[in-house]
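S.K.: Provided below are the primary sequence and the corresponding predicted coordinates.
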Amino acid sequence: MSDLLELKNITKIYSRGLLSRVSTTALNNVSLKLESEQPTIMTVAGESGSGKTTLAMLLLGFVTPTSGQILYKGKDIQSLRGEERMMFRREVQAVFQDPFAVFNPFYTVDHLLTVPIKRFRLAKSKSEARDIMYDSLSAVGLRPGDVLGRFPHQLSGGQRQRINVARALVLRPKLLVADEPVSMVDASLRANILDTLRGLQKDYGVSIIYITHDLTTAYHIANSIIVLYRGNVMEAGSVDGVIKEPQHPYTRLLIDSIPWPDINRKWGETAIKVRESDISDHGLGCRFASRCPNVMDKCKQSPPLFRLSDHQAASCFLYDQKPSIEPEKLSELLPV
Amino acid sequence: MTPVLQVKNLQVSYYTDAGRARALDGVNLTLEAGEKLGLVGESGSGKSTMALAMMRMIKPPGRIEGGQVIVDGTDLINVSEDDMLKARLSKIAYIPQGAMNSLNPVIRIGAQMMDAIKAHQDQSTSEWISTAEMEKRCKQALESVDLNSTVFKMYAHELSGGMKQRVCIAISILLRPNVIIADEPTSALDVVTQRQVMETIDRVQEQIGAAVILIGHDMGLMAQFVDKVAVMYAGRLMELSTVREMFTDPKHPYAQALINSLPNLENKGVFNGIPGMAPALLQLPGGCAFHPRCVKAMEICTTLRPEPVTLSTGQILECHLYSENA
């Protein structure tokens, strides 16, 4: 089976200028793999500063990794040229967080949707172009008559975000990178957009990388999840395993801090040890050590990933009696 | 017990070129001391307008057109501008939505806090507070929100988002107000920081015994934090219930749809969005504003607007389904 996308030991370090020694490791040795045969939804979760947006930027080819390789259909995306590069640009699409900021206010929705059709020569005639537009709009649950010919300011946030998805869909993508697509949309509309995304995966065979800090929505649409903290993979596996039975102390803290809309489930049993602001970013050990309630001497070293079950792994010395796995092998644990 | 806050028939309109938009159309609310109320609704439902109207901070083209906001016996809508200045922070305080943007970047945190106290100094009375005393109070306020007193000498850019939000909380409690309005205080924060901030608000409001109005659309946060939930739609209050009733037995069809649309751990992969869109305030549908999206809409809903009804359980509803229960 061929791989649609493969990240091989990706590290991204942002350094501040030539002379400064201060640098930030945004991602540290992350590997993952998506197969082209089985479309899946993978969640990348984490707080701000966890490196999740850096990951999106790397996947889309907007920034280059400091070390490691990103392969799309077996080829390094940095070396793609000409035809292949156009293909990559077409097949890998993005939906960003803010539906209010990504539109050019001077153009109507039609313009937004016809530009990619023209640019990639997807239609032979005007009527074919219109059919493509109509199809992708109805795929995201919008009536073409309601939105075509309108300007962005005449549309609600939910409509705009669905038009973003429709725009991506026009290009028949293989992979959709969705960076916090619902965080700025009203709760009642979130469900509609998430449903649209899941429909894309099921009916159109699009793989989706869903980047979020919201574990509730991740649980509902994704098959697998990777939890990042300060650029390191803390825990990964199936969403059911990781969210219902989190093993890593960080994942536990994260899940315990979600305000569940359930009055019988009390919020925040675990105490929060240290405030975010009191943490220094240096040292070699586990990134979470200074906030961890279970911290041990060993944690001064960097913990490898330990395999907890068929579909779950955590990077924590609490589980050092379990077999450790190489970061490259992590994607084998993730269900599709 | 006399209520600490009474909002009676509050009406706010925005006058635009396209016409008059009724952002608040006769809202009534009552809050006891120490009570926590959640105000939820879609964007454009009027929840932020409600907060601004209570603070009398509505700017043109918006206008408060009627009603009363009675805090601690004084109707804030009818007092003079000078008295309103005094009432802000000392009677009613506001924690704004984006804490990142509400602090002055070129003035130290401490100076901004002392400004708040100075603005409420009254030279005619004997209660003159010295600068040293002010500084002490500010540092106490910072400590009560879990911030180090060294923050007093810092600038806003030296603090993280959660810390800035906590500075805003510290300022809001400086003068021990009767009512604190928090407008989406955590919507820009991560879950862990959000929990810390909400725990802080919870603790300080208990200390000073203030009533809190929490505005937001995160129902999860409401379930964990408030005592009562008010659901707004198109400038009207659709349902007011205790948090338990709201989550276990919502009465209004809109509240039911809202609760149904929430994801939880049991119904994995089930999405129940609310069909249709929030109405444009300039062209509100006749009758009940929710009727085009309502699954239980009846003939009468398209023509007659329902009036608020109080059920025997204490729930307040604006819906024709319950009109005869009055």
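M.R.: Sure thing, it's come through.

S.K.: Just list the residues touching B:Met232, thanks.
M.R.: B:27, B:39-41, B:45-47, B:50, B:238 (Cβ atoms under 8 Å, 6 or more residues apart in numbering or on different chains). C-beta coordinates here come from the backbone N, C-alpha and C atoms, glycine included.

S.K.: 10 Å - rerun?
M.R.: By Cβ atoms under 10 Å, 6 or more residues apart in numbering or on different chains, the contact list for B:Met232 reads B:24, B:27, B:39-42, B:44-47, B:49-50, B:215, B:238-240, B:254.

S.K.: Tell me what it is bridged to.
M.R.: Beta bridges link B:Met232 to B:Leu237 when assigned by DSSP bridges.

S.K.: Next one, pLDDT for residue 72 please.
M.R.: If you meant another chain, say so; for now it's chain A. Predicted confidence (pLDDT) at A:Tyr72: the value is 90.

S.K.: Please refer instead to chain B.
M.R.: With respect to pLDDT, B:Asp72 scores 86.

S.K.: just A:Glu128 next, same as before
M.R.: 91.

S.K.: B:Cys319 now?
M.R.: Here the pLDDT value assigned to B:Cys319 is 91.

S.K.: Looks like it contacts B:Gly287 (just checking).
M.R.: No - counting by Cβ atoms under 10 Å, B:Cys319 stays clear of B:Gly287, with 11.3 Å between them.

S.K.: Show me the common contact partners of these two, please.
M.R.: Residues within reach of B:Cys319 and of B:Gly287 at once, by Cβ under 10 Å, 6+ apart, are B:301, B:306.

S.K.: quick one: B:Asp115 and B:Leu103, what's the gap?
M.R.: According to Cβ to Cβ, to the nearest Å, B:Asp115 and B:Leu103 sit 12 Å apart.

S.K.: list residues touching both of the two?
M.R.: Counting by Cβ under 10 Å, 6+ apart, the common neighbours of B:Asp115 and B:Leu103 are B:Ile171.

S.K.: Just the strands from chain B, written as ranges.
M.R.: B:5-16, B:19-31, B:36-40, B:62-71, B:74-75, B:92-95, B:179-183, B:211-216, B:228-233, B:236-242, B:309-310, B:316-317 (DSSP state E).

S.K.: and if you look at the stretch 201-336 of chain A?
M.R.: Ranges of strands in the stretch 201-336 of chain A, per DSSP state E, counting those that start in this stretch, are A:207-212, A:224-229, A:232-238, A:305-309, A:312-314, A:324-325.

S.K.: for the shortest one, the distance to its chain's centre please.
M.R.: Strand A:324-325 sits 24 Å away from the centroid of its parent chain (Cα atoms, centre = their mean, to the nearest Å).

S.K.: partner strands of it, parallel or antiparallel?
M.R.: Within its sheet, and counting by DSSP bridges, strand A:324-325 is paired with strand A:305-309 (antiparallel).

S.K.: pLDDT of the strand it pairs with, averaged?
M.R.: Average pLDDT, strand A:305-309: 90.

S.K.: contacts for it?
M.R.: A:232-238, A:241-242, A:245, A:247-248, A:312-327, A:329-330, A:332-333.

S.K.: Flag every buried residue along it.
M.R.: By neighbour count on 16 or more other Cβ atoms under 10 Å in any protein chain shown, the buried set for strand A:305-309 is A:305-308.

S.K.: got it, and stretch A:83-99?
M.R.: For stretch A:83-99, burial by neighbour count (16+ other Cβ under 10 Å) applies to A:88-97, A:99.

S.K.: helices or strands next to the longest helix belonging to chain B in the packing?
M.R.: Using DSSP state H, we find that the single longest helix of chain B is helix B:191-208. Packing partners of helix B:191-208 (3 or more Cβ pairs under 10 Å, 6 or more residues apart in numbering or on different chains; DSSP states H and E): helix A:249-256, strand B:36-40, helix B:131-144, helix B:161-173, strand B:179-183, strand B:211-216, helix B:219-225.

S.K.: Kindly format the C-alpha coordinates of that helix as PDB.
M.R.: C-alpha atoms of helix B:191-208 as PDB (Å, rounded to 0.1, in the frame of the first residue of the first chain):
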ATOM      1  CA  VAL B 191      -8.600  24.700  28.400                       C
ATOM      2  CA  VAL B 192      -6.200  24.400  31.400                       C
ATOM      3  CA  THR B 193      -5.800  28.200  31.600                       C
ATOM      4  CA  GLN B 194      -9.500  28.600  31.200                       C
ATOM      5  CA  ARG B 195     -10.100  26.300  34.200                       C
ATOM      6  CA  GLN B 196      -7.700  28.400  36.300                       C
ATOM      7  CA  VAL B 197      -9.300  31.700  35.300                       C
ATOM      8  CA  MET B 198     -12.800  30.400  36.000                       C
ATOM      9  CA  GLU B 199     -11.700  28.900  39.400                       C
ATOM     10  CA  THR B 200     -10.300  32.400  40.200                       C
ATOM     11  CA  ILE B 201     -13.600  34.200  39.300                       C
ATOM     12  CA  ASP B 202     -15.500  31.600  41.400                       C
ATOM     13  CA  ARG B 203     -13.300  32.200  44.400                       C
ATOM     14  CA  VAL B 204     -13.200  35.900  44.400                       C
ATOM     15  CA  GLN B 205     -16.900  36.300  43.800                       C
ATOM     16  CA  GLU B 206     -17.500  34.100  46.900                       C
ATOM     17  CA  GLN B 207     -15.100  36.300  48.900                       C
ATOM     18  CA  ILE B 208     -16.800  39.600  48.100                       C
END
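
S.K.: May I see the strands of chain B organised as CSV, with distance to A:Leu148 added?
M.R.: What follows is the strands of chain B, written out as CSV (distance: least, Cβ to Cβ, whole Å):
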stretch, distance to A:Leu148
strand B:5-16, 26
strand B:19-31, 26
strand B:36-40, 33
strand B:62-71, 33
strand B:74-75, 50
strand B:92-95, 42
strand B:179-183, 36
strand B:211-216, 34
strand B:228-233, 28
strand B:236-242, 33
strand B:309-310, 43
strand B:316-317, 39
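
S.K.: and of those strands, who's closest to A:Val206?
M.R.: A:Val206 sits nearest to strand B:211-216 of all the strands of chain B, at 32.5 Å, using Cβ to Cβ.

S.K.: partners of the closest one, with directions?
M.R.: Strand B:211-216 pairs in its sheet with strand B:36-40 (parallel), strand B:179-183 (parallel), by DSSP bridges.

S.K.: Now it: average pLDDT?
M.R.: Strand B:211-216 comes out at a mean pLDDT of 92.

S.K.: Between strand B:5-16 and it, find me the angle.
M.R.: 40 degrees (axes from the mean of the first three to the mean of the last three Cα atoms, to 10 degrees).

S.K.: what angle do strand B:211-216 and strand B:62-71 make?
M.R.: Per the same axes, to 10 degrees, the angle that strand B:211-216 makes with strand B:62-71 is 150 degrees.

S.K.: quick revisit: show me which of the buried residues of strand A:305-309 is closest to chain B.
M.R.: Of all the buried residues of strand A:305-309, chain B sits closest to A:Leu308, with 20.1 Å by Cβ to the nearest Cβ.

S.K.: could you measure that closest one against A:Leu318, distance?
M.R.: In terms of Cβ to Cβ, A:Leu308 sits 10 Å off from A:Leu318.
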